[in-house]
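In: Kindly return the folded structure for what I paste below:
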Amino acid sequence: MKEGYYYLITSLPELSLTDKYPGYDTLSFRAFVTEHLTPEDSRLMRTLYYPYDIENLVTLTKNTDQPWNTSANYTREEMQHMLTEPHLLPEFLQGFVNENQKQWDRLTAKALINSATTLFIDWSHTIHNRFLNKWLLFDQNLKNLLIWLNCHKFGLNPNEEVLGNHYEAEYLRNSKAGELNLKTWDFQFREALHHFDNPDIALRELIINEMRWHYLDEIIQPYSFGIEHLLAFAIRLQLINRNLTDTAVEGNERLTALINGIMHNYQLPETFSRS
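Out: Residues are numbered from 1 along each chain as shown. Below you'll find the predicted structure:
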């Protein structure tokens, strides 16, 4: 539907990363746009919200006290029902259930999230939409690069933290500290290296999100009024929401949570201080 969303797209407000009142949040936009989408385009839109479904599924299977993330595609009741009828789950989550159901009690929530996310990443390469393919690959590569840098900064093993089985993920897993060469990667990744050690966590997060924003500007250019612009709008709302919560305190809390999660799975070197 190349031109089918013209009036819908032109009715949307202009967004900037620093918007405090963008007019929509991720939930209200999804509710607004879904009724206008074709079934195929609805499936593409759901893809952007699958990471929340992963978190919720693990919350459900591990019976943790984590609150249900309402940004997900499915309610708690829907997810509980799909677990009794796994063929109703998205394809990558069907694979996750088949692979891990017998190990749910033994594996940590973090290990389960990593497993499901890897399956999601691998599945996402099969999506028949070039814009969405490019965005998901870029965003995951950026996340993996930052994780790789954090692991080597603290002397940890990144092999189980860098997710996906695509070329860039394998390259990071096989690269040693000091030997990383990103000459063949997009310039945004090389730029991320310059800001990684910024002591201002909130500023660093803002800069990284600006890279994501500008990359969206770049890859949306060839498209007119198809689903791609609606996908880009939803992605921008997610970035704005992330930016609004990236205060210095919350940034440090998320960094601490990341390191603590990694430390849970690896034996730290004696020179590493937990304090």
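
In: Can you list the low-confidence ranges for the chain?
Out: 1-3, 245-275 (pLDDT under 70).

In: mind listing the helices for it?
Out: Assignment of helices within the chain using DSSP state H yields the ranges 6-10, 26-34, 39-47, 50-62, 76-84, 91-100, 109-124, 130-153, 167-173, 187-195, 201-220, 227-244, 248-265.

In: Tell me which of the ones you listed lies nearest to N181.
Out: For N181, the closest of the helices of the chain is helix 167-173, at 9.0 Å, according to CB to CB. In short, each C-beta sits where N, CA and C put it, glycine included.

In: how far is the closest one from where the chain is centred?
Out: 17 Å (CA atoms, centre = their mean, to the nearest Å).

In: which residues sit against that helix?
Out: By CB atoms under 8 Å, 6 or more residues apart in numbering, the residues outside helix 167-173 that reach it are 121, 137, 140-141, 144-145, 148, 158-159, 162-163, 180, 185.

In: cool, stretch 66-84 as well?
Out: Contacts of stretch 66-84 (CB under 8 Å, 6+ apart): 26-27, 46, 49-50, 52-53, 55-57, 59-61, 88-89, 97.

In: hmm, try it at 7 Å
Out: 26-27, 46, 49-50, 52-53, 55-57, 59-60, 88-89 (CB atoms under 7 Å, 6 or more residues apart in numbering).

In: same thing with stretch 230-246?
Out: 5, 9, 12, 15, 17-20, 22, 24-26, 29-30, 33, 44-45, 48, 131-132, 135, 202, 205-206, 209, 212-213, 216, 220.

In: Relative to L112, which of the contacts of helix 167-173 is nearest.
Out: L163 (12.6 Å).

In: Correct me if wrong: the closest one contacts N114.
Out: Yes - with contact defined as CB atoms under 7 Å, L163 reaches N114; the gap is 6.0 Å.

In: Report the set of residues contacting both of those two.
Out: Overlap of the contact sets of L163 and N114 (by CB under 7 Å, 6+ apart) is empty.

In: Counting neighbours, what do you get for D200?
Out: Using other CB atoms under 10 Å, D200 has 12 neighbouring residues.

In: same question but for L112, I mixed them up
Out: 21.

In: which residues does it contact?
Out: Contacts of L112 (CB under 7 Å, 6+ apart): 58, 61, 100, 104.

In: any idea how far the first one is from D65?
Out: To D65, V58 is 13 Å away according to CB to CB, to the nearest Å.

In: if you count what's nearby, which of the two comes out ahead?
Out: More crowded of V58 and D65, by other CB under 10 Å: V58, with 24 against 6.

In: Surely that one and A109 touch.
Out: Yes - with contact defined as CB under 7 Å, V58 and A109 form a contacting pair (5.2 Å).

In: ok so, going back, can you select the buried ones among the contacts of stretch 230-246 for me in ChimeraX?
Out: Here is the ChimeraX selection string for the buried members of the contacts of stretch 230-246, based on 16 or more other CB atoms under 10 Å:
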select :5,9,12,15,17,22,24,26,29,30,33,44,45,48,131,132,135,202,205,206,209,212,213,216,220
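
In: these two touch, right, A116 and G95?
Out: No - with contact defined as CB under 7 Å, A116 does not count as touching G95 (8.9 Å).

In: more neighbours, those two?
Out: A116 (25 against 18).

In: can you pull the contacts of that one?
Out: Counted by CB under 7 Å, 6+ apart, A116 has contacts 54, 57-58, 93, 96.

In: can you rerun that using 6 Å?
Out: Neighbour list for A116: 54, 96 [criterion: CB atoms under 6 Å, 6 or more residues apart in numbering].

In: do the same with R204
Out: Counting by CB under 6 Å, 6+ apart, R204 has contacts 195, 198.

In: Distance of it relative to R242?
Out: Using CB to CB, R204 is found at 13 Å from R242.

In: same check, this time on G95
Out: On the measure of CB to CB, G95 and R242 end up 28 Å apart.

In: Could you do F233 as well?
Out: In terms of CB to CB, F233 sits 15 Å off from R242.

In: H125 too?
Out: 24 Å.

In: So which of those two has more stuff around it?
Out: Neighbour totals were compared for H125 and R242, and R242 leads with 15 against 12 (other CB under 10 Å).

In: related to what we said a few turns ago, now render the helices of the chain as a markdown table, adding distance to T70.
Out: A markdown table is the format used below for the helices of the chain (distance: least, CB to CB, whole Å):
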| stretch | distance to T70 |
| --- | --- |
| helix 6-10 | 24 |
| helix 26-34 | 6 |
| helix 39-47 | 15 |
| helix 50-62 | 8 |
| helix 76-84 | 10 |
| helix 91-100 | 18 |
| helix 109-124 | 18 |
| helix 130-153 | 22 |
| helix 167-173 | 30 |
| helix 187-195 | 31 |
| helix 201-220 | 22 |
| helix 227-244 | 12 |
| helix 248-265 | 19 |
